[in-house]
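Chemist: fold the following and give me the result.
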Amino acid sequence: MNIYVLLKQTFDTEEKVVLADGGIAEDGAKFIINPYDEYAVEEAIRQKEQHGGSVTVVSVGPERCAEALRTALAMGADEAVLISGDGVGSDGFGYSTVLAAYLQRQSSMDLILGGLFSVDQGAGQTAIRVACLLNLPHVSSITKLDIDCAAGTAVAIRDAEGDSETLEVTLPAVFTAQQGLNEPRYPSLPGIMKAKKKPFHRLTLADLGLSEAELSAKTARVCISLPSARQAGQRLPGDPQAQAAELVRLLRTQANVL
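Modeler: Numbers count the residues shown, from 1 in each chain. Have a look, this model is predicted:
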């Protein structure tokens, strides 16, 4: 099986995140593989171990993304591809266009995996857009994946807002990983040493036949801000009827929700 994983590097949500000028200050920030993409990498490696083949991890972004790709190689992926340079994209539209252009150039694809969403943007659009651009079936938020290589099909169980759905699709197909799909492994010391010798490819827009004009952002994040400081609670005096009346008054005059 030829398996591709769409991987994004994000800031570590367990570290302190500093906001500056309406955005996240990257200076001094710690970056990791997007947690949901870790499930995708782990699932790709498990499917390779079960069915054979190779796992290629692909990322679009700045040079620092190489660190996340090398972590995936140390986990057990076989090859890594970093698509970087000026104008590679800044939103889901741009990222998906670049990734689809890369995947279209591959001679064979059986399985494409990605995270349900990235913790820095939370849009959950990139993998879906890639599936649409490649005209492939797509199943999101999967918690289990069974591949039948002989039949060329996959059965996936997906999280459906507290319930579950079971879907069967033909391969190649795109799947996005939800928490609970697996438990990602830690890179071992031998894995880290082997990762240094695995193929690591660097591509630009020119290599994919794309131009910056084709990737102009369709959406923009205006700013990020912290929530307002939580105010102290307030005890309402009087009997239940008086408390209810006062609560309605406060909701109308102070909270502006009525």
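
Chemist: neighbours of Lys197, how many?
Modeler: For Lys197, the tally of surrounding residues (other Cβ atoms under 10 Å) stands at 8. Placement of C-beta: from N, CA and C, glycine included.

Chemist: quick one: the helices in the stretch 151-258 of the chain, in order.
Modeler: In the stretch 151-258 of the chain, the segments counted as helices under DSSP state H, counting those that start in this stretch are 189-195, 240-253.

Chemist: tell me which strands and helices the last one is in contact with?
Modeler: What that stands for is helix 240-253. When contacts are defined as 3 or more Cβ pairs under 8 Å, 6 or more residues apart in numbering; DSSP states H and E, helix 240-253 packs onto no helix or strand at all.

Chemist: strands of the stretch 151-258 of the chain, start to end?
Modeler: Using DSSP state E, counting those that start in this stretch, the strands of the stretch 151-258 of the chain run over residues 153-160, 163-170, 173-177, 200-203.

Chemist: which one, of the ones you listed, ends up nearest to Ile83?
Modeler: Among the strands of the stretch 151-258 of the chain, strand 200-203 comes nearest to Ile83, with 4.8 Å by Cβ to Cβ.

Chemist: mean pLDDT lowest where, among the helices of the stretch 151-258 of the chain?
Modeler: Per-stretch mean pLDDT for the helices of the stretch 151-258 of the chain is lowest at helix 240-253 (a mean of 91).

Chemist: now tell me what touches that helix from outside.
Modeler: Contacts to helix 240-253, defined as Cβ atoms under 8 Å, 6 or more residues apart in numbering, come from residues Gln234, Leu236, Pro237, Gly238, Val257, Leu258.

Chemist: which of those ranks first by neighbour count?
Modeler: Busiest of these [other Cβ under 10 Å] is Leu236, holding 12 neighbours.

Chemist: now the closest residue to that residue other than its chain neighbours: how far from Leu251?
Modeler: Excluding its sequence neighbours, the residue lying closest to Leu236 (Cβ to Cβ, 6 or more residues apart in numbering) is Gln243, at 4.3 Å. Per Cβ to Cβ, to the nearest Å, Gln243 is found 12 Å from Leu251.
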